[in-house]
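Undergrad: kindly return the folded structure for what I paste below:
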Amino acid sequence: MGSKVAESYRASDIEVLEGLEPVRKRPGMYIGGTDKTGLVQLVSEILDNAVDEAMNGYANKIVVTLHRSGDTISVADNGRGIPVGKHPKYKRSALELILTTLHAGGKFSDKNYISSGGLHGVGASVVNALSDRLEAVVWRDGKEWRQAFSRGKPLGKVKSFKAKGKKRGTQITFKPDPEVFPDIKFPVERIRAIIEEKAFLNGGLELHFVDEASGTREIFKYENGLEALIESHIEKNRLKQIGGDIFCLKDLNGDIRVELAFAWTEATSFSIKSFVNGICTKSGGYHEDGFKSGLSKAIRNYMSVHDLIPKGVSIIGDDIREGLIAAVSAVVPVSFVNLQFQGQTKDRLNNPEVAQPVEQLARSFENLLNAKPSQASLITDRILLSAKARIASRSASLSISRRVSANHKLNLPGKLADCTLTKADKCELFIVEGDSAGGSAKQARDRSTQAVLPLRGKILNAISSPSSKVLENKEISNVITALGCGAGDALNLAKLRYGKVIILTDADADGMHIASLLIAFFYTYMRGLVENGHLYIGLCPLYRLKCGSGKNEKTYWVRSDEEKDRVLKKIGKKAVTITRFKGLGEMNPESLWETTMNPKSRTLLRVFPESMDESERVLNDLLGKDASARYRF
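TA: Got it, this is the predicted structure:
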């Protein structure tokens, strides 16, 4: 039990947060956090409002300007302009009401917007609450209207000026509050990405991104929308497409307008981006589920009718989706259904009504397969290859899992020097290259919490080798057995024996290659271990530099030639003894412990895929079959 709080609990203890206080008290509830993701969400909230004007036919141009300071941004559209007149009930300007009141807006019915992404009347007021300063400029009725705010509170009343020409629209300029956000500099590339995404989703809409710091202006405009999004994804990630077609399906006449675009590649994973009313639903929802279900039914039915499935082979959804790059967009009228999202950041769509029209459209893909037999053959061959690889991988995983004796204790690899503690969160496994390094690490380690597993040579390339060969490889098999949690379909992190898995290789090119091969294996066959933050790289020294003598002797451990040059420049003209280590095995146990294995003084890099798409691309460039991609990298 924690420490006691006051035993008295009275009516006077109840707090009521008024106005925008809840937002400032708990910003994570509204924007997902106060890190860079939260800053991007602020921009999205204002940008979505501008896009809503375009989606409903009132605007065709949006300009996003990141100002020179990097911490202030403006979003301007040429739509109708936020109303500025006094609200009949609240006797305040509509502009002020929208920007200072939660759940105030014009999107709760279909009177002003046929469809909309901003549904809760929360977005703009949340941005205002979390801004050190926000200024709204509105052009409508032949006038320019301005009002400024700080931390959600007006700095004065809305003021009107004579406008030049017939300009109309809204511009919101804001600077995040440093009291809320540790770093208020906007991430340029992520802002650029969401702007480009909006252009893909709204064919014909012109979006400008002005970065004053770099002096650049980019214009995004795509007439073919989702197809261009798929093309861009394949090109940016340097993926090799199966066949030449990007398949596009549209139903723009129903109550719910649906667009689908997709293609298959040689990647080992899949990527589905889903959207509702122009909002990216990062965690999917019923529209994405409907697409998966409809596509699977279409392909299974086609393969069954044409007798393409061999005996003993079953086709599951994962086989169909391997290598798939897809975009799903549904536009739902405000009058049709009350859209239900998970959270204010709208990460997931919770309306089951949207699944059926998306699934129905996806099922029509069978007609396309019948109309394009050569394309259909390439796709079905790809799917069968995935199914056979999955079956082979499953067999190899089960073979490894059977290496458990009747008393359920693992038959651990002979070269593993295990630790004495058994609590996974207290234990760590060092994977080292070669018996020599293994011998030094075994002597240097803390035997209670640190285990050491030496590997012999370079393991198989998990990116370009068949899964059956990878999982049957002796060195890889030893790693899987030591970790105790299985691999592939049989992965169960609840059985993981070590909280940290640390790749410890020599600080040279060969060592880096071995580390890359190990990362590729873990990413491909034990991805859950990587995603949950269990995989690390241990940084070890390449040089030892000594200068001085006796009590004045100083030792510098450096990890690269560049770092060595910097240290030598710092030391100056003093006599220096330089030792270069050919490998970890050359280091005495005391030095290896202090520089590389001691939790208090070592440096570990956690291997964590911030972007799955980017991780996939890098691994394929480094270790894939296409040598030209490796040379470019």
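Undergrad: go through the chain and flag its longest strand.
TA: strand 131-140 (DSSP state E).
Undergrad: strands paired with it, and their directions?
TA: Sheet pairing here is set by DSSP bridges, and for strand 131-140 it gives strand 143-150 (antiparallel), strand 169-176 (antiparallel).
Undergrad: what's the neighbour count on Glu553?
TA: Glu553 has 10 neighbouring residues, counting by other CB atoms under 10 Å. C-betas here are computed from N, CA, C, even on glycine.
Undergrad: and it, what does it touch?
TA: 546-547 (CB atoms under 8 Å, 6 or more residues apart in numbering).
Undergrad: repeat that for Lys36.
TA: Lys36 neighbours (CB under 8 Å, 6+ apart): 183, 187, 190.
Undergrad: next one: Lys442 from Pro589, what distance?
TA: Counting by CB to CB, to the nearest Å, the gap from Lys442 to Pro589 is 9 Å.
Undergrad: neighbour count: those two, which is higher?
TA: When Lys442 and Pro589 are compared for neighbours, Lys442 comes out ahead with 19 against 15, by other CB under 10 Å.
Undergrad: next secondary structure after the host helix or strand of Ala50?
TA: According to DSSP states H and E, Ala50 maps onto helix 36-55. As assigned by DSSP H and E, the chain's next helix or strand after helix 36-55 is strand 61-66.
Undergrad: quick one: mean pLDDT over stretch 565-580.
TA: Looking at stretch 565-580 alone, the average pLDDT works out to 84.
Undergrad: still on that earlier bit, quick one: buried residues of the helix holding Ala50?
TA: Residues of helix 36-55 classed as buried: 38-55 (neighbour count, 16 or more other CB atoms under 10 Å).
Undergrad: may I have that helix exported as PDB, CA atoms only?
TA: Provided in PDB are the C-alpha atoms of helix 36-55 (Å, rounded to 0.1, in the frame of the first residue of the first chain):
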ATOM      1  CA  LYS A  36       6.900  15.800 -30.700                       C
ATOM      2  CA  THR A  37       3.900  13.700 -31.300                       C
ATOM      3  CA  GLY A  38       1.800  16.100 -29.300                       C
ATOM      4  CA  LEU A  39       3.200  19.100 -31.300                       C
ATOM      5  CA  VAL A  40       2.300  17.400 -34.600                       C
ATOM      6  CA  GLN A  41      -1.200  16.700 -33.200                       C
ATOM      7  CA  LEU A  42      -1.700  20.500 -32.600                       C
ATOM      8  CA  VAL A  43      -0.900  21.200 -36.200                       C
ATOM      9  CA  SER A  44      -3.200  18.400 -37.300                       C
ATOM     10  CA  GLU A  45      -6.100  19.800 -35.300                       C
ATOM     11  CA  ILE A  46      -5.900  23.200 -37.100                       C
ATOM     12  CA  LEU A  47      -5.100  21.700 -40.500                       C
ATOM     13  CA  ASP A  48      -8.100  19.300 -40.300                       C
ATOM     14  CA  ASN A  49     -10.400  22.300 -39.900                       C
ATOM     15  CA  ALA A  50      -8.900  23.900 -43.000                       C
ATOM     16  CA  VAL A  51      -9.300  20.600 -44.900                       C
ATOM     17  CA  ASP A  52     -12.900  20.300 -43.800                       C
ATOM     18  CA  GLU A  53     -13.600  23.600 -45.700                       C
ATOM     19  CA  ALA A  54     -12.000  22.000 -48.800                       C
ATOM     20  CA  MET A  55     -13.800  18.700 -48.500                       C
END
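Undergrad: quick revisit: what's the angle from the longest strand of the chain to helix 36-55?
TA: For strand 131-140 against helix 36-55, the angle by axes from the mean of the first three to the mean of the last three CA atoms, to 10 degrees is 10 degrees.
Undergrad: any idea how far strand 131-140 is from the middle of the chain?
TA: 31 Å (CA atoms, centre = their mean, to the nearest Å).
Undergrad: what of stretch 269-279?
TA: Remark: stretch 269-279 is offset 13 Å from the chain centroid, using CA atoms, centre = their mean.
Undergrad: okay but Asn351 is in contact with Tyr286, surely?
TA: Yes. Here Asn351 lies in contact with Tyr286, judged by CB atoms under 8 Å, at a distance of 5.8 Å.
Undergrad: quick one: which of those two has more around it?
TA: Shown here are Asn351 and Tyr286; by other CB under 10 Å, Tyr286 has more neighbours (23 against 19).
Undergrad: next one: the nearest residue to Leu539 once chain neighbours are set aside from Leu20, what distance?
TA: Leaving aside its chain neighbours, Leu539 sits nearest to Thr603 (4.5 Å; criterion: CB to CB, 6 or more residues apart in numbering). Per CB to CB, Thr603 is found 43 Å from Leu20.
Undergrad: neighbour count for these two, which is higher?
TA: Leu20 (22 against 12).
Undergrad: dump the residue contacts of the more buried one.
TA: Residues near Leu20 by CB under 8 Å, 6+ apart: 100, 102, 125-126, 128-129, 152.
Undergrad: cutoff 7 Å now
TA: Residues counted as contacts of Leu20 (CB atoms under 7 Å, 6 or more residues apart in numbering) are 100, 102, 125, 129, 152.
Undergrad: burial measure for the second one, as a count.
TA: Okay, so that is Leu102. Residues lying near Leu102 (other CB under 10 Å) number 16.
Undergrad: ok so, going back, can I get the contacts of Lys36 in JSON lines with neighbour count and pLDDT?
TA: As requested, the contacts of Lys36 are exported to JSON lines (neighbours: other CB atoms under 10 Å; pLDDT from 0 to 100):
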{"residue": "Asp183", "neighbour count": "13", "pLDDT": "91"}
{"residue": "Pro187", "neighbour count": "16", "pLDDT": "92"}
{"residue": "Arg190", "neighbour count": "14", "pLDDT": "91"}
